[in-house]
Structures are given as C-alpha cells and as structure tokens.
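S.K.: Okay, here's the prediction I keep looking at, along with the sequence it came from:
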Amino acid sequence: MTVCEYRPGLEGIPAAQSSISFVDGQKGILEYRGIRIEELAEKSTFLETAYLLIWGVLPTGAELEEFADEIRYHRRIKYRIEDMMKCFPEKGHPMDALQTSAAALGLYYARRALDNPEYIRQAVVRLLAKIPTMVAAFQLIRKGNHPIQPNDSLDYAANFLYMLTEKRPTDLAAKVFDVCLTLHAEHTMNASTFSAMVTASTLTDPYGVIASAVGTLAGPLHGGANEEVLLMLEEIGSVANVRPYVEKCIANKQKVMGFGHRVYKVKDPRATILQNLAEQLFAELGSDEYYDIALELEQAVVDIYGEKGIYANVDFYSGLVYRKLGIPSDLFTPIFAISRVAGWLAHWKEQLNANRIFRPTQIYTGQHEVPYTPIEQRS
C-alpha cells in the first residue's frame, strides 16, 4: 500500500461514499437526495425533509403523519434528565449542556440493537423529538424557571418556539423557523458529520454518536460561527464603520465571520434563502438595526474578496433571523444541532449498511531510538 499525499485536515480527500446530499461549490448547488434545497425550502417541511434524508424517499401523506405523531409522542424527556440540567452551571454554554444531555439519553435507550430496524426507527424518533426539548429546557432552567412542557397541538418548529416563551408563535415565525431547520439539516462531509461517522463506525449507540457530533459542532469554525457573526455586527456598530472594520481585518489577517466556505466559491444558496426569510420577518415584526450593517458588510467583502471566491455563507444571515425571532445568541448553535441531527442520523443509518471502522494512518515526524533519561538526571 502506497502512502498518499498528506493534506492537513484531510482537505479534498474522500472518506466515504454517500447518496444523502450533494454540493457543487462552483455553481452554488445543494441537493438533499437529489432535490434542490430551494425547492425543499419552498415546498417541504423540516420533518418531511428529515424523513427524506434518513430513509431516502419522500414519505406518503400517511407515512409523514405517522412519523410526526411518533415524534410528538416522544417530545418529553425523563425527569431525571431535567434534574441533571438543574445542576449545570447557570453560565455554562448551552452546547455543553446539550452534549451532556444527549449522551445521557443513552442511559435510558442504548441497547445497541443496531441490526433491528425498529430500534433504529425509535432512536431516530427519540433524538429528533427530545433534542429540541432539552435545548428549550436548559434555556429556562438556567434562568431559574421550570421547563415548559411540549404543546401537542403545535407542529415541530412552532412547538420549539413555544417551549422557549410559552407563547404561540405567529404563522410566519413558525414557517421561517421551520425553513431554517430545513436549510441546516445536512451538508455532506462536514466536520461534525465526519465526527459522527467515525463514532458510528465503532458500532456504539446513536446517542453517543449524536453527542460526539454536538461536541464537534460547538467550535467557532463550524456551528459556532453564526453566534460570532452577531457579535461581529455588534462590534462594528454602524454602517460607517464597516469598511474600516474590513480593512482592519485585512491588516491583521483576521477572518471576517460569516464569509468564505471550504466548498462554496459563490454565495451559499442557503444564505440567499435566509436573507429572504430575514426580510420577510422584518416586514412583519419591524426592521433590525444590524441588517443595514450586514448588507454593507456583504458588499464590502464582495468588493474586496469576491475574485477569491469568498462570499456570504449560511452563518451570515441565520443569526439575524434567530435574533428577530427573539432567540438568545448562545442558542444559535444548539438550534443548528436541532436541525443537523437529521443529517447526522442519515449518515449514521447509512454507515450501518456497510460499516467499516475508521482507522486513518499518519506521517510520523518525531525522533527514533531516544534513550530513557532517569528522573534524577533531568533538568
């Protein structure tokens, strides 16, 4: 076996074959199971999209209704998990709380019957159902309040917004949030999906798989970027400060958050959809002071970096949408996780079909034949 060329971060090296999603970064195309993301955002719902990703086909009306009913039934979480959350530090980040809580589900449901289709379906249902409940529960617990129980009369997206505030969201707010979940549900071999697949390849339980992926998503170079974008817009403060800010980033060789992508060399198609969603929300709920800053910033980056293929990515506008929905900025990444659970589970299920444990090699750069130095001789 020959040693392949070393590429930091495995950039451009295929690690799996998959039929789940496809990206053409030069043309700005994203497809789930062959269906363009623009069409799914317009015509589908998050749960229907999750079904498509995980089982590979669009469900019939009866299948989707059954799937939604199962998820609705399993939304509630064990009281011991709530009690565990009450012991978390109030200032702890919600992603840390989510990773711990997701792993804790394995204490109750991890039988590892990975050859049993019913076990796989129940794991899919429980994780899709309970992750939003855990995110909302920690948000209220850290404020000293009791969690709000799921509302069985509301659909998936509306119920999550309800659990944050105990207020029914408007139809537009629920629809916009549902589309946001669809847009973030899957994106080929990204860092968190790779983490999930490596963990899944050991044949551990799906709750450990999702906890592993959540931990990977938490980093600012992955899911945490949308939170960083809002902090950046706050720092810029006004339209007049945009160009000086970008010039400062250039001088200091700093990244402008929300721009550039390892795959896309044009504007991320999800960013275009999110920008439209933001404008719909502003029309109903009022403008956002940071939107004009964002528009000017996007134009400035295009003017300076456009020839290098650096454009707005999915994180750039998602924070503005969540902000207008009244969602705290440190919940942005947990919401990303709520959505991406669908993609992680799709890859987990696909991995089980022809599993082989991941075991990459390395290029050793250390010394050889180094003698052991007794402790009394070390300085």
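M.R.: Done, it's in. Since we're looking at a predicted model, the values are computed, not measured.
S.K.: From residue 32, how far off is the closest residue to residue 149 other than its chain neighbours?
M.R.: Distance criterion CB to CB, 6 or more residues apart in numbering; nearest residue to residue 149, sequence neighbours excluded, is residue 76 at 6.7 Å. To be clear about C-beta, it is placed using only N, CA and C from the backbone, and glycine gets the same treatment. For residue 76, the distance to residue 32 (CB to CB, to the nearest Å) stands at 29 Å.
S.K.: Can you pull the domain assignment for this protein?
M.R.: The chain breaks down into these domains under the TED database: 18-218+330-352, 222-323.
S.K.: quick one, what contacts the residue nearest to residue 346 when sequence neighbours are not counted?
M.R.: In this structure, residue 346 finds its nearest non-sequential neighbour in residue 53, 4.1 Å apart by CB to CB, 6+ apart. Applying CB atoms under 8 Å, 6 or more residues apart in numbering, we find residue 53 in contact with 20-21, 32-33, 185-186, 342-343, 345-346.
S.K.: The residue nearest to residue 149: which element?
M.R.: Secondary structure assignment for residue 76, by DSSP states H and E: no helix or strand.
S.K.: Do I have it right that it meets residue 133?
M.R.: Yes. In this structure, residue 76 is within contact of residue 133 by CB atoms under 8 Å, at 6.7 Å.
S.K.: more neighbours, the two?
M.R.: When residue 76 and residue 133 are compared for neighbours, residue 133 comes out ahead with 24 against 14, by other CB atoms under 10 Å.
S.K.: which residues touch the helix-or-strand element of the chain with minimal mean pLDDT?
M.R.: When the helices and strands of the chain are scored by mean pLDDT, DSSP states H and E, helix 225-236 comes last with a mean of 90. The contact list for helix 225-236 (CB under 8 Å, 6+ apart) reads 220, 242, 245, 256-258, 290, 293-294, 297, 313-316, 318-320, 322-323, 329-330, 332-333, 336.
S.K.: For PyMOL, write the select line for the buried members of the residues you listed.
M.R.: Buried members of the contacts of helix 225-236 can be picked out in PyMOL with the line below, counting by 16 or more other CB atoms under 10 Å:
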select buried, resi 242+245+256+257+258+290+293+294+297+313+314+315+316+318+319+320+322+323+329+332+333+336
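S.K.: just the strands in this protein please.
M.R.: All strands of the chain, identified by DSSP state E, fall at 21-24, 29-32, 35-36.
S.K.: List the contacts of the nearest residue to residue 147 once chain neighbours are set aside.
M.R.: In space, and not counting its chain neighbours, residue 147 is closest to residue 137: 3.8 Å by CB to CB, 6+ apart. The contact partners of residue 137, by CB under 8 Å, 6+ apart, come to 77, 82, 85, 147, 163.
S.K.: for residue 119, same thing?
M.R.: Residue 119 neighbours (CB under 8 Å, 6+ apart): 111, 113.
S.K.: Relative to residue 349, how far out is it?
M.R.: For residue 119, the distance to residue 349 equals 11 Å [CB to CB].
S.K.: Which pLDDT value goes with the residue lying closest to residue 256 once chain neighbours are set aside?
M.R.: Once flanking residues are discounted, residue 256 sits nearest to residue 249: 5.3 Å by CB to CB, 6+ apart. For residue 249, the model assigns a pLDDT of 92.
S.K.: burial count for residue 249?
M.R.: As a measure of burial, residue 249 has 17 neighbours, counting by other CB under 10 Å.
S.K.: quick one: it and residue 257, what's the gap?
M.R.: Going from residue 249 to residue 257 by CB to CB gives 9 Å.
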